[in-house]
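A.B. asks: Have a look at this prediction, sequence included:
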Amino acid sequence: MKKKYVILVSGGDSYSNREDFIQSLRTREMWDLPTETEQKSWKSNLVVELGDEYVVDIPTMPNKQNAHYDEWKIWFERHLAVVDQEVTLIGYSLGAMFLAKYLIENKPHVEIKGLFLLAGPCGTFDDDTGNDCGSFEFDESELDKLAAATDSIAILHSKDDFIVPYEHALRYQAKLPTAKLVSFEDKNHFLVPELPELVGLIREL
């Protein structure tokens, strides 16, 4: 039996103003220092949890510390080009925003079995560091094109998300009324080792 295909586009940061990016490099908390404790992520565990029935492709998107939509589009399309069957797409954080914009502007050559948007900014975004997702912005009024791209859309967001406010999930759902909204109370920005709820939703497709 042919394996089911999943592409997961993960997160990143994007600054319209280069000086904001430089300041972030000088001041933000460091995340890549050596540690004796293995940092487990639901993204890597997803491969294990779904098992041998699935191919899970997690592209290393370009320049994630200061990402640009046009660069991500090129790399994503190269990964998508190797797919010759229906595909499930998962976008996490900036990756969710990327997939929303991409599907507004493009029609993939393969059928999209399901679309999962996790903790994604909707339309526009900004925080007090200048991380504004500039080139990833899209017109929220065009989100109905996602419903035309696939019959199965799920929006996953936690109410205690300290990076992308829960309000963004409600903005997605307002424009995608047929989408399934899965809300959590305590999973923050999905910086968690496991996400069995997502695994279950993928298996239900």
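C.D. replies: Now that the structure is in, tell me what you want to look at.
A.B. asks: Show me what stretch 130-147 is in contact with.
C.D. replies: By CB atoms under 8 Å, 6 or more residues apart in numbering, the surrounding residues in contact with stretch 130-147 are 13-17, 19-21, 23-24, 67-70, 94, 97-98, 100-101, 103-104, 115, 121-126, 153, 171-172, 175-176, 178-179. No exception for glycine: its C-beta is placed from N, CA and C like everyone else's.
A.B. asks: Quick check: helices, which of these are part of them?
C.D. replies: 19-21, 23-24, 69-70, 94, 97-98, 100-101, 103-104, 171-172, 175 (DSSP state H).
A.B. asks: need the helices for the chain, in chain order.
C.D. replies: 18-27, 42-50, 69-81, 94-105, 144-149, 167-175, 196-204.
A.B. asks: how about the fifth one: buried residues?
C.D. replies: Counting neighbours by 16 or more other CB atoms under 10 Å, one finds that the buried residues in helix 144-149 are 146, 147, 149.
A.B. asks: Name the nearest of those residues relative to residue 63.
C.D. replies: Taking CB to CB as the measure, residue 63 lies nearest residue 146 of the buried residues of helix 144-149, at 25.4 Å.
A.B. asks: Just the pLDDT for the closest one.
C.D. replies: For residue 146, the model assigns a pLDDT of 96.
A.B. asks: Likewise for residue 38?
C.D. replies: 67.
A.B. asks: now residue 34
C.D. replies: Residue 34 carries a pLDDT value of 83.
A.B. asks: for residue 101, same thing?
C.D. replies: At residue 101, pLDDT is 98.
A.B. asks: related to what we said a few turns ago, could you point out which of the helices of the chain sits nearest residue 188?
C.D. replies: Per CB to CB, nearest to residue 188 of the helices of the chain: helix 42-50, 11.9 Å.
A.B. asks: Any chance of TSV for the helices of the chain, columns distance to residue 8?
C.D. replies: Shown next, in TSV, are those (distance: least, CB to CB, whole Å):
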stretch	distance to residue 8
helix 18-27	25
helix 42-50	6
helix 69-81	10
helix 94-105	7
helix 144-149	17
helix 167-175	18
helix 196-204	10
